[in-house]
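K.L.:
fold the following, please.
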Amino acid sequence: MTIQSTTLAPRSIFHGWFVVAAAFAVMFVGFGSAYTFSVFLEPLQHDFGASRGSISLVFSIAGFLYFALGLVSGPLADRLGSRPLAVTGMILVAVGLAAASAARSLVEVYLAYGLGVGLGVGCAYVPAIGAVQRWFVRRRGFASGLAVSGIGLGTLAMPPLAALLIASVGWRGAYLALGVIALVIGGGLSLLIENDPKDRRLGPDGDPPREAASSTNNGGASMREAVRSSRFGGLYVSCLVCSFGAFIPFVHLVPYARDHGVAASSAVLLLGMIGAGSTAGRFFLGALADRMGRDRSLIMVLIGMALAMVIWAIAADVWTLTAFAFVYGVFYGGWVAVLPSVVMDYFGGRNVSGIIGILYTSVAFGTLVGPSAAGFAYDVNHSYALPILISAAANIVAALIVVAILARSGTPAIKSAKS
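P.N.:
Residues are numbered from 1 along each chain as shown. As a prediction, the model looks like this:
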């Protein structure tokens with residue numbers, strides 16, 4: 001009996017935290033590389049003689065693919081495991097960035113960056129974040145927030161690094177260097193991802209396996225049941241509406257600041273402020289959601305994103321833009337952290353990666369339209385005012401949709417905190 005107890009004892013460090021660290025690395029490298037795009041916008045526009053709308057479409061294609069591909073990568077992760085998909089995704093990101101460095105036309109940038117980064121992040125993102133959900137129950141919001149804080153820290157660190165690389169080796173050399181980082185850091189650490197604590201004779205949160213038998217991770221809705229539910233429908237429409245404006249700052253904040261006389265070095269740091277706020281939001285709002293209710297927290301962060309957009313609409317100097325960037329980052333980070341946990345609360349762990357993947361197709365369509373539409377709106381009006389205000393309104397609508405679907409289901413918003 002003593003020998004058996006020793007065999008089943010969990011490690012001093014619960015392996016779920018290694019899974020969180022691996023997912024963090026995937027987010028840091030994948031999204032960090034993607035969100036450097038605003039730094040590359042002016043060099044690409046200059047070299048290829050293209051409009052802001054045309055250049056913005058590069059990011060929109062990548063964004064569409066990395067959210068839409070979750071429709072395929074999520075179910076594959078549920079069947080094959082998350083690790084092979086995450087490793088493959090990081091390799092694709094590296095190849096796409098390296099190919100973009102050699103592009104000789106804007107079409108080649110579309111193909112290299114759009115397809116490489118888009119397919120790569122799409123292959124890795126949903127499997128990585130889905131794996132984290134299975135390893136935790138009591139601290140799921142915190143663990144999910146910690147994992148996706150890689151996006152925030154990537155946004156904080158990678159744009160200034162990209163700007164430094166562009167200044168020293170040009171935009172082509174910068175893309176090549178980012179590709180090497182993606183391969184070494186993202187590809188290497190993604191090897192730590194594992195799908196299920198049962199494979200290590202553990203339960204969620206490090207509990208003994210026999211205690212895990214009653215865990216919500218062991219069951220859940222089928223894909224068909226989830227997609228046909230009113231809750232899923234509400235989440236889908238909410239995400240679709242929100243995402244039309246959610247990614248506009250990542251593409252257009254730097255050129256907006258430059259249009260208002262902000263120095264290039266300071267404008268790049270604004271993206272870092274989004275990253276800093278995003279990191280704080282993922283940590284603190286993810287943990288707060290475990291206490292106050294994850295679906296209630298989802299409503300709160302959507303309203304917060306709308307209020308931040310109002311700040312952007314009136315911003316005309318570096319200090320106001322800095323305030324916008326940080327506040328927006330906090331609530332955007334909270335949105336990204338809380339949403340997968342809400343899905344897990346509602347539908348269980350049996351098909352969580354696949355359900356998240358289907359849900360994120362809504363974000364894909366919004367990302368495809370939003371940043372490029374904002375760029376074309378600027379080309380026509382030489383102003384970002386209209387897309388910013390529409391984005392603020394869209395977030396309010398998204399919050400109201402979640403309120404309505406919760407009221408229709410008749411479930412108290414704080415129930416998820418007790419799951």
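K.L.:
for the stretch 1-150 of the chain, what spans make up the helices?
P.N.:
For the stretch 1-150 of the chain, applying DSSP state H, counting those that start in this stretch gives helices covering 2-8, 15-34, 37-48, 52-68, 70-80, 82-101, 106-109, 116-134, 140-181.
K.L.:
so which of those is the most packed in?
P.N.:
Stretch with highest mean neighbour count among the helices of the stretch 1-150 of the chain: helix 116-134 (a mean of 30; mean count of other CB atoms under 10 Å). (Each C-beta comes from the backbone N, C-alpha and C, glycine too.)
K.L.:
taking helix 52-68 as reference, get the angle to that helix.
P.N.:
40 degrees (axes from the mean of the first three to the mean of the last three CA atoms, to 10 degrees).
K.L.:
so what secondary structure elements neighbour helix 116-134?
P.N.:
For helix 116-134, the contact count by 3 or more CB pairs under 8 Å, 6 or more residues apart in numbering; DSSP states H and E identifies helix 15-34, helix 52-68, helix 70-80, helix 82-101, helix 140-181, helix 318-347, helix 352-381 as packing neighbours.
K.L.:
that one vs helix 140-181, what angle?
P.N.:
Helix 116-134 runs at 150 degrees relative to helix 140-181, counting by the same axes, to 10 degrees.
K.L.:
which intervals of the stretch 1-150 of the chain have sub-threshold pLDDT?
P.N.:
By pLDDT under 70, the low-scoring segments of the stretch 1-150 of the chain are 1-11.
K.L.:
what packs against the helix or strand that contains residue 250?
P.N.:
Assigned by DSSP states H and E, residue 250 belongs to helix 248-259. Secondary-structure packing of helix 248-259 (3+ CB pairs under 8 Å, 6+ apart): helix 37-48, helix 52-68, helix 264-292, helix 318-347, helix 352-381, helix 385-409.
K.L.:
which other residues reach the first one?
P.N.:
Helix 37-48 has contacts (CB atoms under 8 Å, 6 or more residues apart in numbering) with 50-52, 55-56, 58-59, 62, 105-106, 109, 113, 159, 162-163, 166, 170-171, 174-175, 250-255, 258, 268, 271.
K.L.:
contacting residues for the residue nearest to residue 27 when sequence neighbours are not counted?
P.N.:
Closest residue to residue 27 apart from its sequence neighbours, by CB to CB, 6 or more residues apart in numbering: residue 150 at 3.2 Å. By CB under 8 Å, 6+ apart, the residues touching residue 150 are 23-29, 31-32.
K.L.:
next one: residue 150 from residue 141, what distance?
P.N.:
Separation of residue 150 from residue 141 (CB to CB, to the nearest Å) stands at 16 Å.
K.L.:
related to what we said a few turns ago, with distance to residue 41 as added columns, please give the helices and strands packed on helix 116-134 in JSON lines.
P.N.:
Shown next, in JSON lines, are the helices and strands packed on helix 116-134 (distance: least, CB to CB, whole Å):
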{"stretch": "helix 15-34", "distance to residue 41": "13"}
{"stretch": "helix 52-68", "distance to residue 41": "5"}
{"stretch": "helix 70-80", "distance to residue 41": "26"}
{"stretch": "helix 82-101", "distance to residue 41": "13"}
{"stretch": "helix 140-181", "distance to residue 41": "10"}
{"stretch": "helix 318-347", "distance to residue 41": "16"}
{"stretch": "helix 352-381", "distance to residue 41": "9"}
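K.L.:
looking at the ones you listed, which is nearest to residue 264?
P.N.:
helix 140-181 (7.7 Å; CB to CB).
K.L.:
quick check, distance from the closest one to the centre of its chain.
P.N.:
Relative to its chain's centre, helix 140-181 lies at 13 Å (CA atoms, centre = their mean, to the nearest Å).
K.L.:
give the buried residues for stretch 302-310.
P.N.:
Across stretch 302-310, burial judged by 16 or more other CB atoms under 10 Å covers 302, 304-306, 308-310.
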